[in-house]
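J.: here is my input, please return the structure:
(one chain, ligands or ions: 1)
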Amino acid sequence: MEQDIPPPPPHVLIFLIPALGHVNSMLKLAELLSVAGLRITFLNSEYNHDRLTRHADVCSRYTCRFPGFQFKTITDGLPMDHPRVGHRFDEVLHSVKSVTPPLLKQMLIDDIKPPVDCIISDGFMSFAVDVANELGIPIIYFRTISACAFWAYFCVREIIDAGELPIKGKEDMDRLVKNVPGMETFLRCRDLPSFCRAEDPLDRNIQLFMSETRSSPRAQGLILNTFDDLEGPILSQIRTHCPNIYTIGPLQAHLKTRVPSGMQSTNGFWEVDRSCMAWLNKQPPKTVIYISYGSITTLSREDVMELWHGLVDSNKRFLWVVRPDLISGRDGDQSQIPEKLVEGTKERGYMVGWAPQEKILEHRAVGGFLTHSGWNSTLESVVAGQPMICWPYFADQQVNSRFVGQVWKLGLDMKDHVCDRKVVEKMVNDLMVEKREEFVKSTDRMSKLAWKSRYLRKLRAQPPPPPPTHRRCPSPF
Ligand code: UDX
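T.: Numbers count the residues shown, from 1 in each chain. The predicted structure is shown next:
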């Protein structure tokens, strides 16, 4: 008797922009799709793949668990020793755009086997749509930023056309912006994406961010790492341009329900220092404020010192991530940290180079998060129910920070976005003591909603995933 041979699982190419914030969420999506039985090729930049695999055997963690998973790399067009943090990150974006398109096409034709059934591309690389269309491959965008930041980016053209840009100096920063529908009553010039601060609206970064975001309707769908209870009204605005939106967030919560604990991935470009967990275990509940600036933000030495003074003066316990490249203009490792600062942390503070952030945010000793408002950090904090102090630096962070403080009431937006020791001291005290109750009410509520998000409910309703095989499984979308 003839037996039916099941068709092979669909093959999805995940193609991402070279930034850790993006790598983290793309890997999570790749993992979820693999759990659902899809075959995945993860196309990362050579530089970031090297960083990702330097401290942990990330590759085999995926390829051993999922036989259909493979990593591939592509150049971002810059030498390996080129700095890719702080303001130098823009150079990466411009370089990728000019160098990568023919290479991507070549790889899809010659190198990536079996042929790809669908591309999930970072929505910041519109050239991927051109390549996909040429080769007849369906393409979906994944924007790893919040819906609110995406919408602000999307509306920059209207803001410019209405003469709301450029911003005319410091005194203009508190002017309300009228041309981002849904945000007219609270979005100030200072909350616009940082690239809007350029004096010339034709500045190449404004043009880049604007044109890339405006290209989103060209893809067949748009995936956002968010959930409807958090960003519903803004999602409705985006749907008027991009009707096929998949709000699949919070990705880390999905993974926690689908992947057995112990197998969940932690991803980073630095070696994770887990010693802080032992220190945290010794601290009383909800007494520690956790401080981190994500993977590419850099601070001036003056800002670091203001922050340190503010923390010490607040008399609160703190756990602080000081990445080896956190302080701008200095090379090397922890030796860049002023001696005074290291001494000052010994009493009731702890510093690490790179932390297991998601675990820290869930720890019973942690009671707040001072963050740069990167979207992954913000969502991780929402899921863990931690109130935030937002000190945004660039790109989407300003918009996220305004939503955290003004719309979702999940924390405080750093006054004027300027770091001053008095401001830090007061904000830490407000967050951890004075205003704690009012924030905790909203953070608890939003954390519960995050855990109940639509796709999470859907996934929970399904039976647990079978061990990975080569059979066809339904897409989680
Ligand atoms: C970048 C942009 O800066 C950010 O604005 C955008 O939203 C996404 O891309 P990044 O600055 O790295 O990302 O910030 P964020 O999005 O918060 O991502 C940082 C990730 O690194 C988080 O997943 C966080 O858990 C992880 N992390 C950070 C660690 O695992 N350990 C640490 O010590 C610090």
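
J.: Val12 should be in a strand, yeah?
T.: Yes - assessed by DSSP: H, G, I helix; E, B strand; the rest coil, Val12 belongs to a strand.

J.: tell me what it is bridged to.
T.: Beta-bridge pairing for Val12 (DSSP bridges): Ile40, Cys118.

J.: get me the contact residues on the stretch 1-150 of the chain for the ligand.
T.: 19-22, 24, 144-145 (CB under 6 Å from any ligand atom). Heads up, the C-betas are built off the backbone N, CA and C, glycines and all.

J.: will you turn the residues you listed into a markdown table that also has secondary structure and pLDDT?
T.: Formatted as a markdown table, those follow (DSSP: H, G, I helix; E, B strand; the rest coil; pLDDT from 0 to 100):
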| residue | secondary structure | pLDDT |
| --- | --- | --- |
| Ala19 | coil | 77 |
| Leu20 | helix | 71 |
| Gly21 | helix | 74 |
| His22 | helix | 87 |
| Asn24 | helix | 86 |
| Thr144 | coil | 94 |
| Ile145 | coil | 96 |
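
J.: and the furthest pair within these?
T.: The most widely separated members of these, counting by CB to CB, are Leu20 and Ile145 (13.9 Å).

J.: compare those two (neighbour count), which wins?
T.: For Leu20 versus Ile145, the count of surrounding residues by other CB atoms under 10 Å is larger for Ile145: 28 against 21.

J.: contact partners for the residue nearest to that one when sequence neighbours are not counted?
T.: Leaving aside its chain neighbours, Ile145 sits nearest to Asp396 (4.4 Å; criterion: CB to CB, 6 or more residues apart in numbering). Taking CB atoms under 8 Å, 6 or more residues apart in numbering as the criterion, Asp396 is in contact with 145-146, 149, 152-153, 193, 373-375.

J.: tally of neighbours for Glu302?
T.: Neighbours of Glu302 (other CB under 10 Å): 10.

J.: who touches it in this structure?
T.: For Glu302, counting by CB under 8 Å, 6+ apart, there are no contacting residues.

J.: so which strand or helix has the spatially most central residue of the chain?
T.: Nearest residue to the geometric centre of the chain (CA atoms, centre = their mean): Asn376, 3.4 Å. Using DSSP states H and E, Asn376 sits in helix 375-384.

J.: for that helix, give the mean pLDDT please.
T.: Helix 375-384 shows a mean pLDDT of 97.

J.: can you tell me what sits against whichever helix or strand comes after it?
T.: Next in sequence after helix 375-384, counting helices and strands by DSSP H and E, comes strand 388-390. Strand 388-390 has contacts (CB under 8 Å, 6+ apart) with 289, 368-373, 378, 381, 397, 400-401, 404-405, 410-414, 427-428, 431.

J.: among those residues, which lie within strands?
T.: Here DSSP state E is the test, and the contacts of strand 388-390 give 289, 368-371, 411-413 as lying in strands.

J.: list just the nearest of those to Leu449.
T.: Among the ones in strands among the contacts of strand 388-390, and counting by CB to CB, the member closest to Leu449 is Gly411, at 16.2 Å.

J.: what's around the residue nearest to the closest one when sequence neighbours are not counted, how many residues?
T.: Excluding the flanking residues, the one nearest Gly411 by CB to CB, 6+ apart is Met388, at 3.4 Å. As a burial measure, Met388 scores 27 neighbours (other CB under 10 Å).

J.: ok so, going back, show me which of the ones in strands among the contacts of strand 388-390 are buried.
T.: Buried residues within those, defined by neighbour count using 16 or more other CB atoms under 10 Å: 289, 368-371, 411-413.

J.: OK, contacts around Gly310?
T.: So Gly310 contacts 419-425, 427-428 (CB under 8 Å, 6+ apart).

J.: quick one on the thing from earlier: now tell me what touches the helix holding Asn376 from outside.
T.: The set of residues external to helix 375-384 that reach it, using CB under 8 Å, 6+ apart, is 21, 24-25, 144-146, 149, 225-226, 230, 249-253, 292, 294, 357-358, 361-362, 369, 371, 387-388, 396, 400, 404, 410, 443, 446-447, 450-451.

J.: list the contacts of the closest residue to the ligand within the stretch 151-300 of the chain.
T.: Nearest residue of the stretch 151-300 of the chain to the ligand: Gly294, at 2.7 Å (CB to the nearest ligand atom). Shown in contact with Gly294 (CB under 8 Å, 6+ apart): 20-21, 371-372, 374, 376-377.
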